[in-house]
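Chemist: Generate a structure from the sequence data that follows.
(chains A and B)
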Protein chains: 2
Amino acid sequence: MDRFNVPIELSGQRFSALYSLFGGEEECLARAHDICVEQTIEFPADLVLDGDIHDLILGHIESFFSPQPGRWEAEISFAVEIAGNELTQLLNVVFGNFSLKPGVRVERLILPDKITRLFRGPRFGVTGLRERLGVRDRPLFCTALKPLGLANEALAELAYEFALGGVDMIKDDHGLADQPFSPFNQRVELCAEAVARANRETGGNCIYIPNLSAPLDRMIKKAITAREAGAGGLMVAPGLIGWDGMRMLAEHDNIALPVLCHPALSGTFTVSRENGMSHYLVFSQLPRLCGADAVIFPNYGGRFSFTADDCQSIINGAVVEMDRIAPAFPMPGGGMNEERVPEMLEFYGKDVIFLIGGALHKMGPSLVENCKRFMELFTAGQEK
Amino acid sequence: MDRFNVPIELSGQRFSALYSLFGGEEECLARAHDICVEQTIEFPADLVLDGDIHDLILGHIESFFSPQPGRWEAEISFAVEIAGNELTQLLNVVFGNFSLKPGVRVERLILPDKITRLFRGPRFGVTGLRERLGVRDRPLFCTALKPLGLANEALAELAYEFALGGVDMIKDDHGLADQPFSPFNQRVELCAEAVARANRETGGNCIYIPNLSAPLDRMIKKAITAREAGAGGLMVAPGLIGWDGMRMLAEHDNIALPVLCHPALSGTFTVSRENGMSHYLVFSQLPRLCGADAVIFPNYGGRFSFTADDCQSIINGAVVEMDRIAPAFPMPGGGMNEERVPEMLEFYGKDVIFLIGGALHKMGPSLVENCKRFMELFTAGQEK
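Modeler: Numbers count the residues shown, from 1 in each chain, chains lettered A, B, ... in the order given. Have a look, this model is predicted:
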């Protein structure tokens, strides 16, 4: 039909997504073609058989092959203009409607400079966070304030002891929000003050990082309040506030604090391995684009079902070259104890933040001593 | 340990989530207990064996039974204070960390007035939308402007013809964002004007509904611009802007337009039936809490894999009593043609918005006539 055969002026630049498709060859190839249509024109393809909409707007299958039996990999490219210079629309083109269809997983995005330059990315990243914390060459050590239910005074006392013990970063447990028994503003004030007091005693640079996964109409104001009260970073879960919510926060120049990305409510994307998105995309590539300086994820061998391969792919996404988007720190949490430290150092190397929560409470009566014990293990055989 | 045995003052009111757990009884019961800990204190349970944190903060298993072999249903309740009066934290308590674990699906939320009153819910709902459109007693008829790639003038011409044909609502295709070939502000102006012009000719009340799944730092401003340009509603995808983004938009009193909820990027929650969340929760109960007046979802028998049961559960979530939260319109899309209308009327009844896109272009050369043909089928045997 003529009304759908119209000229369109585009730059010719394209971005790609890499999809895994599960099933037989014929079925998977048909699905790859379906992605090209459903993710763009979402319209009877037989009404658009030629012209610019057909040639330029539909997705293109750039490659299609089977890396292993029952799985096919398709790289599909789209005109950069379709993403309209917006994260929301970029995600929509990549997986909006297709998220509703089974048997397809998005592995990663391949983005030209024309897309990556829309994003600030990590404001601090690995280098900036090391500078801020004054730690050049060893893994960073983070712990969490918990359990939920403690009053802010008790959480601040915990923070003080952790900081005395030499921990680099102390974050809220992600269950601490703005509850009546632990109101946000008071918590930030007390905990930031407790950490500053410990720093004065130790000469350290420990930072306190409140959890800010708050309603969007209050989030920026809360972030500014937290900054003014002495918070040294902010933690948000894009599963709760949206990926674009994290981007907005991280790119806000009046806040300009390190951002930790928490995986709460993002797990469903990866939990079924033949649907959704990859660990690489959900837990590091996307968070990095959205400005996360460190990405929290469940360590392998802990109480979640992540494998060492899953964790390795998250590390890869945290450091893979993406134009001027800085690398982020991988931040595995859970499943840590003294015995596992050598294995963890071997696996993660030094550019990692170890997040150790419950284990610190189970080692011995003194939190200060328990923290020191872990720090000794982290620094054994490494320069400070 | 004494430091974790502290008194906490709470109201005693609780909310619940209903979980499906997949596997054997012992394993599923252990997982239900794990939800009680992981979703609250996320802390070694043996350090909190008694006291208020144990008694009041941990989740409680209210019921546990097997409705069918291999599936267990657990209702788990939490103190309302834990949700801290925030949607973000409510979602976090229900499924934050557990989204990372396989074999658990959230079926629905059971919310006391103390939680529902935190939400405005649908501003218009079924009754308000009918009033606004002047349609008392028949199904509503919506179509979409597409394909992506058309210039705004061509989209406006389509809108004009649809409105002349008697369609009640004309929405942007969800792929229309703010692309250089279809900038948002201009599109809203041209399409709203085209629909108003048709209304003057027909005496109808057709509304134009642009797609507003935009970056959060620009979304409210765009919504106000759209309202001023004559938009009669706004469409957003919580998968792209976050559930809380939709809530913020819908509750904004300077906007106050009907809100359509689009399922883009939300599909992963339901696509693997033993993980994530139910169709009921993702496509109607949560959107309604977040203020959606109508919820778009793939119709059964179309190009997606939704079943009639899935669609029925979405209808249930759209109308189930939730205190003063108004019912929303179910809005099935896809898989529609003239022959299926009687079946669809039988299945959905009259309180439904039929979303018909591609089919209108395939029936005959005149869009106006094609729209009229569908409207005749919708009104056959019904009072206007």
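Chemist: list the contacts for residue A:313?
Modeler: A:278-280 (Cβ atoms under 8 Å, 6 or more residues apart in numbering or on different chains). Placement of C-beta: from N, CA and C, glycine included.
Chemist: between the residues you listed, which is nearest chain B?
Modeler: Nearest to chain B out of the contacts of residue A:313 is residue A:279 (Cβ to the nearest Cβ; 10.4 Å).
Chemist: Hmm, residue A:310 and that closest one touching each other?
Modeler: Yes - using Cβ atoms under 8 Å, residue A:279 is in contact with residue A:310, at 4.6 Å.
Chemist: Show me whatever sits in contact with both of those two.
Modeler: In contact with both residue A:279 and residue A:310: residue A:270, using Cβ under 8 Å, 6+ apart.
Chemist: I'd guess residue A:332 is in a helix, am I close?
Modeler: No - according to DSSP: H, G, I helix; E, B strand; the rest coil, residue A:332 belongs to no helix; its state is strand.
Chemist: if you count what's nearby, which of residue A:279 and residue A:310 comes out ahead?
Modeler: Comparing residue A:279 with residue A:310 by other Cβ atoms under 10 Å in any protein chain shown, the one with more neighbours is residue A:279, at 24 against 19.
Chemist: Model confidence score at that one, please.
Modeler: You'll see residue A:279 listed with a pLDDT of 98.
Chemist: what's the helix or strand for the residue nearest to the spatial centre of chain A?
Modeler: By Cα atoms, centre = their mean, chain A has its centre lying nearest to residue A:287, at 3.5 Å. Element membership for residue A:287, per DSSP states H and E: helix A:286-289.
Chemist: which residues make contact with that helix from outside it?
Modeler: A:87, A:109, A:116, A:119, A:121-122, A:238, A:243, A:246-247, A:261, A:295, A:317-318, A:322, A:325-328.
Chemist: same question for the next helix-or-strand element following that helix, mean pLDDT?
Modeler: Toward the C-terminus, helix A:286-289 is succeeded by strand A:294-298 as the next helix or strand (DSSP H and E). The pLDDT scores in strand A:294-298 average 98.
Chemist: ok, back up a step: in strands, which of the contacts of residue A:313 fall?
Modeler: Among the contacts of residue A:313, none falls in strands (DSSP state E).
Chemist: restrict those residues to contacts with chain B.
Modeler: Among these, no residue lies close to chain B (Cβ under 8 Å from any Cβ of the partner chain).
Chemist: Now the phi/psi pair for the residue lying closest to residue A:158 once chain neighbours are set aside, please.
Modeler: Of all residues not flanking residue A:158 in the chain, residue A:145 sits nearest, at 5.5 Å (Cβ to Cβ, 6 or more residues apart in numbering or on different chains). Note on residue A:145: backbone dihedrals following degrees, to the nearest 10 are phi -80, psi 120.
Chemist: show me the contacts for residue A:145.
Modeler: So residue A:145 contacts A:155, A:158-159, A:170-173, A:176, A:191 (Cβ under 8 Å, 6+ apart).
Chemist: partner residues bridging it?
Modeler: Here residue A:145 sits in beta bridges with residue A:172, going by DSSP bridges.
Chemist: From residue A:261, how far out is it?
Modeler: Note on residue A:145: its distance to residue A:261, by Cβ to Cβ, to the nearest Å, is 18 Å.
Chemist: Can you tell me the SS state at the residue nearest to residue A:94 when sequence neighbours are not counted?
Modeler: Leaving aside its sequence neighbours, residue A:94 sits nearest to residue A:17 (Cβ to Cβ, 6+ apart; 4.7 Å). Under three-state DSSP, residue A:17 falls in the strand class.
Chemist: The residue of chain A found nearest chain B: how many residues sit nearby?
Modeler: Of all residues in chain A, residue A:242 sits closest to chain B, with a separation of 2.6 Å (Cβ to the nearest Cβ). Per other Cβ under 10 Å, the neighbour tally for residue A:242 reads 29.
Chemist: likewise the one 10 residues further on?
Modeler: One way to gauge burial is a neighbour count; for residue A:252, by other Cβ under 10 Å, it gives 18.
Chemist: so where do the helices sit in the stretch 51-200 of chain A?
Modeler: Under the criterion DSSP state H, counting those that start in this stretch, the stretch 51-200 of chain A carries helices at the ranges A:51-52, A:87-95, A:113-116, A:125-133, A:152-164, A:184-202.
Chemist: looking at these, which is closest to residue A:367?
Modeler: For residue A:367, the closest of the helices of the stretch 51-200 of chain A is helix A:152-164, at 4.3 Å, according to Cβ to Cβ.
Chemist: what would the contacts of residue A:145 look like in CSV with pLDDT and neighbour count?
Modeler: CSV is the format used below for the contacts of residue A:145 (pLDDT from 0 to 100; neighbours: other Cβ atoms under 10 Å in any protein chain shown):
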residue, pLDDT, neighbour count
A:155, 98, 23
A:158, 98, 21
A:159, 98, 27
A:170, 98, 29
A:171, 98, 31
A:172, 98, 29
A:173, 97, 23
A:176, 98, 28
A:191, 98, 30
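Chemist: Spit out the contact partners of residue A:207.
Modeler: Counting by Cβ under 8 Å, 6+ apart, residue A:207 touches A:132-133, A:168-170, A:195, A:231-233, A:258.
Chemist: what about residue A:102, distance to residue A:95?
Modeler: As for residue A:102, its distance to residue A:95 is 13 Å (criterion: Cβ to Cβ).
Chemist: Mutual contacts of these two, please.
Modeler: Joint contacts of residue A:102 and residue A:95 (Cβ under 8 Å, 6+ apart) do not exist.
Chemist: Who has more neighbours out of these two?
Modeler: residue A:95 (27 against 18).
Chemist: and the gap between that one and residue A:194?
Modeler: With Cβ to Cβ as the criterion, residue A:95 and residue A:194 are 43 Å apart.
Chemist: Assumed residue A:305 was part of a helix.
Modeler: No - in this structure, residue A:305 is coil, not part of a helix, as judged by three-state DSSP.
Chemist: Contacts only, for it.
Modeler: Applying Cβ under 8 Å, 6+ apart, the residues near residue A:305 are B:100-102.
Chemist: same deal with residue A:141?
Modeler: Contact partners of residue A:141, counting by Cβ under 8 Å, 6+ apart, are A:166-169, A:353-354, A:356, A:371, A:374-375, A:378.
Chemist: ranking the residues you listed by neighbours, who comes first?
Modeler: Busiest of the contacts of residue A:141 [other Cβ under 10 Å] is residue A:169, holding 29 neighbours.
Chemist: what about residue A:221, neighbour count?
Modeler: 10.
Chemist: Now name the helix or strand holding it.
Modeler: helix A:216-228.
Chemist: circling back: sort out which one of the contacts of residue A:313 lies nearest residue B:37 for me.
Modeler: Nearest member of those to residue B:37, counting by Cβ to Cβ, is residue A:279, at 24.3 Å.
Chemist: how close does that closest one sit to residue B:366?
Modeler: Going from residue A:279 to residue B:366 by Cβ to Cβ gives 51 Å.
Chemist: same check, this time on residue A:156
Modeler: Separation of residue A:156 from residue B:366 (Cβ to Cβ) stands at 72 Å.
Chemist: Next: residue A:170.
Modeler: Distance, residue A:170 to residue B:366, by Cβ to Cβ: 68 Å.
Chemist: Likewise for residue A:193?
Modeler: Residue A:193 is 72 Å from residue B:366, by Cβ to Cβ.
Chemist: Looking at these two, which has the bigger crowd around it?
Modeler: Legend: neighbour count by other Cβ under 10 Å for residue A:193 and residue B:366, higher for residue A:193 (16 against 13).
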